[in-house]
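# starting from these lines, generate the structure:
(2 chains, ligands or ions: 2)
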Amino acid sequence: MTVLAISEHRRGELRDVSFELLTAGREVADALDTDLHVAVIGGDVAEHAEELNHEGVDVIHTVPAGEEFNHGVYTQVIDSLATDLDPRVLLMPNSVNGLDYAPAVANGLSLPLVTDVIGFDASDAVSATREMYASKVETTIEIDADRFCMTIRPNEWAKAEGAGDAEIREHEIEIDESRVRSTVTGFEEVGGGDVDISDADVLVSVGRGIEEEENIELIEELADALGATLSSSRPIVDAGWLPKNRQVGQSGKVVTPDVYLAIGISGAVQHVAGMKGADTIIAINTDPNAPIYDLADYGIVDDLFEVVPELTAQFS
Amino acid sequence: MKILVTVKEVAEAADDFELPDGALDIDERYLEYDLNEWDEYGVEEGVQIAEENEDTEVVSVTIGPERSEETIRMALAKGVDRAIRIWDDALEDVAFLDVEARARILAAVVAEEDPDLVLTGVQANDDGFGATGIALADRIDFEWAAVVNHLDLDVEGGLAHVHRELEGGVEELTDVELPAVLSIQTGINEPRYASLRGIRQAQSKEIVPYELADLDLDADVTDSPLSLTSMYEPETESSATVFEGSPEEEADQLGELLGEMGVVEG
Ligand SMILES: Cc1cc2nc3c(=O)[nH]c(=O)nc-3n(C[C@H](O)[C@H](O)[C@H](O)COP(=O)(O)OP(=O)(O)OC[C@H]3O[C@@H](n4cnc5c(N)ncnc54)[C@H](O)[C@@H]3O)c2cc1C
Ligand SMILES: Nc1ncnc2c1ncn2[C@@H]1O[C@H](COP(=O)(O)O)[C@@H](O)[C@H]1O
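Numbers count the residues shown, from 1 in each chain, chains lettered A, B, ... in the order given. Ligands and ions are numbered 1, 2, ... in the order given. Model (predicted):
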């Protein structure tokens, strides 16, 4: 019986979530009184195995399988490892690539799947915690199964640190190429351009609470008055109201300004991934339950259309 | 060509919702329903493909109660040709429809409709599993791609050239063999507003109601080892200093703080 965690790498580097998976994996393994195994699939497996050799990991499996992630390869490798090891829990990252293979793995192995897990408990019944309704509530999902799959939310567990002494097992797994039906042809960097919001000391950031394109001006005026840089959440960029290089978050930029002023932004997990490192976070949001207030140092629970002009006026 | 677009009516919780102890869901009076944001982009993508390719039919499918018809009709008003809605007493009774059950039901619709392409959203904004599309793909043995923010269809070559939006401003360029399931990311297109003419036309378009038996499914399709056993408001981790008063007073206090922090001279 094991917990088997699948690490993630991209373009030669292990991603942070791989180290978070070790911590989460150890927690789950302890709760179920079992071992923690980790798999490295593709890339420089030997080097990655060494990097993942942290305290709490019992065994690391390495499977050479091309340079980059391909879900046709991953599903076959995990299928084979799972058949071999019969893990009690298959733990995968709730990353973009995790979303691209975990549901297929679960389906292929006929295992229940709980995604975007933020907590785990086995003291009574086995259960996972996940959010619903745009992070406004948490739910407990009881898992009545001997084997199951979970994907864990990035940035939720700390990265594993202490040095480990895991056993390393090398595997050769033959891939049925006829079942690899998509081909990665390249990568593209997006969101370049004249402004680099990750350089700014002060960011004034606007979200969907602004309602209309012409209202963005209101926030622009505040940014100008403060000598700050304008950034935004994703819907503003999706709507074409601001260019992609202004987007803060998981698929935009990671920013670490001295001050981050979030105006009409709810604080969805993918947004927070890009700004949680700001020194001082200030929120203006009508909803006192908005998740942005979990992070904020200061807040104004009021209508941005009333507060922002007043604020701008003070500095003009 | 036939394109199946999965759509879900999702609920959003009002700012002042209350959740009594022991409740397993937010009471309806605090919920507002709308078409899932990600599915809006899926619908638009499907309709655009149909506009660019002759003889292409776009069919939307939802698993949802009668209430959701109004929402589904919006997709019809935007150019979807017809809609399927699956509901059943057996579904009425489940508090928690897991990914596998959804995929099973949708797979039965795929068996019936035989589409060349299935478009789903990346995630549903209420329970957000982010998993239904890819679970479906594996079940029906279609190829797939998750989190697609650019799609270029080569129907003759049997390929979808897609961009998958990875983290950190990087996109993966991938060629996906058809038939395929693609989970569509927001921003891939600009969803249109329904025209008055579209809204009128939608009134006469068909929303076919199916029960599970119509799809050769038993009620046990909803059986799951997963169950939702509690829902609660998370303990607030907030340590924010909240400025109070009139908007002017609030702004004054924040202005003062920004001044003290040296953000601006003033
Ligand atoms: C794979 C993936 C990647 C993603 N990447 C990103 C990313 O990089 N960046 C990102 O931001 N999002 C990203 N998202 C989207 C994310 O899930 C949210 O949908 C998004 O962040 C919501 O933006 P928002 O806060 O502006 O809008 P909403 O969540 O709609 O919030 C609007 C807020 O405005 C408040 N409000 C409304 N009116 C007023 C008013 N008059 N005064 C004050 N407040 C008001 C509301 O209370 C609400 O809290 C991603 C999603 C996925 C699935
Ligand atoms: N009840 C449903 N009916 C139809 N489609 C659904 C349903 N639930 C999920 N989907 C589709 O699957 C996508 C991802 O949902 P989820 O996996 O729940 O986050 C949604 O954007 C929909 O396109």
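
# who in the stretch 101-250 of chain B is up against ligand 1?
Neighbours of ligand 1 within the stretch 101-250 of chain B, by CB under 6 Å from any ligand atom: B:122-123, B:147. Quick note: C-beta positions are derived from backbone N, CA and C, even for glycine.

# and B:A146, how many neighbours does it have?
Here the number of neighbours of B:A146 (other CB atoms under 10 Å in any protein chain shown) works out to 29.

# skipping adjacent residues, who's closest to it in space?
Once flanking residues are discounted, B:A146 sits nearest to A:D100: 3.9 Å by CB to CB, 6 or more residues apart in numbering or on different chains.

# same thing with B:F17?
In space, B:F17 is closest to B:Y30, 3.7 Å off (CB to CB, 6+ apart).

# and the residues of the stretch 101-250 of chain B next to ligand 1, which is closest to ligand 2?
Here the nearest of these to ligand 2, counting by CB to the nearest ligand atom, is B:Q123; it sits at 3.8 Å.

# just the element for the closest one, please.
Following DSSP states H and E, there is no helix or strand that holds B:Q123.

# next, the closest residue to it other than its chain neighbours: secondary structure please.
Spatially, and ignoring its direct neighbours in sequence, B:Q123 is nearest to B:G130 (4.0 Å; CB to CB, 6+ apart). Three-state call for B:G130 (DSSP: H, G, I helix; E, B strand; the rest coil): coil.

# isn't B:G130 right up against A:V114?
No: assessed by CB atoms under 8 Å, B:G130 is found out of contact with A:V114, at 11.5 Å.

# tell me the contacts of residue 142?
No chain specified, so I'll use chain A. Contacts for A:E142 (CB atoms under 8 Å, 6 or more residues apart in numbering or on different chains) come out as A:125-127, B:226-229.

# ah, no, chain B please
B:F142 is in contact with B:118, B:136, B:179-181, counting by CB under 8 Å, 6+ apart.

# tell me where the stretch 151-266 of chain B has helices.
Under the criterion DSSP state H, counting those that start in this stretch, the stretch 151-266 of chain B contains helices at B:196-204, B:247-260.

# against which helices or strands is the first one packed?
Of the remaining helices and strands, those touching helix B:196-204 by 3 or more CB pairs under 8 Å, 6 or more residues apart in numbering or on different chains; DSSP states H and E are helix B:69-77.

# got the domain ranges for chain B?
Using automatic domain parsing, the domains assigned to chain B come out as B:2-222, B:236-266.

# so A:A313, which state does it fall into?
Per three-state DSSP, the secondary structure class of A:A313 is helix.

# next, count neighbours for it.
14.

# now do it against ligand 2, distance only.
43 Å (CB to the nearest ligand atom, to the nearest Å).

# same deal with A:I197?
29 Å.

# isn't that residue right up against A:S231?
Yes: under the criterion of CB under 8 Å, A:I197 makes contact with A:S231 at 4.6 Å.

# which one of those two has more residues nearby?
A:S231 (33 against 22).

# did I read that right, that one in a helix?
No: using three-state DSSP, the assignment for A:S231 is strand, not a helix.

# might one say that it is in contact with A:V248?
Yes: A:S231 is within contact range of A:V248, at 5.1 Å (criterion: CB under 8 Å).

# which residues are common contacts for those two?
A:197, A:203, A:205, A:255.

# save those as JSON lines, and put in distance to A:V77, secondary structure and pLDDT too.
Converted to JSON lines, these look like this (distance: CB to CB, whole Å; DSSP: H, G, I helix; E, B strand; the rest coil; pLDDT from 0 to 100):
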{"residue": "A:I197", "distance to A:V77": "38", "secondary structure": "helix", "pLDDT": "95"}
{"residue": "A:L203", "distance to A:V77": "42", "secondary structure": "strand", "pLDDT": "98"}
{"residue": "A:S205", "distance to A:V77": "41", "secondary structure": "strand", "pLDDT": "98"}
{"residue": "A:V255", "distance to A:V77": "36", "secondary structure": "coil", "pLDDT": "97"}
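
# right, I'll leave it there.
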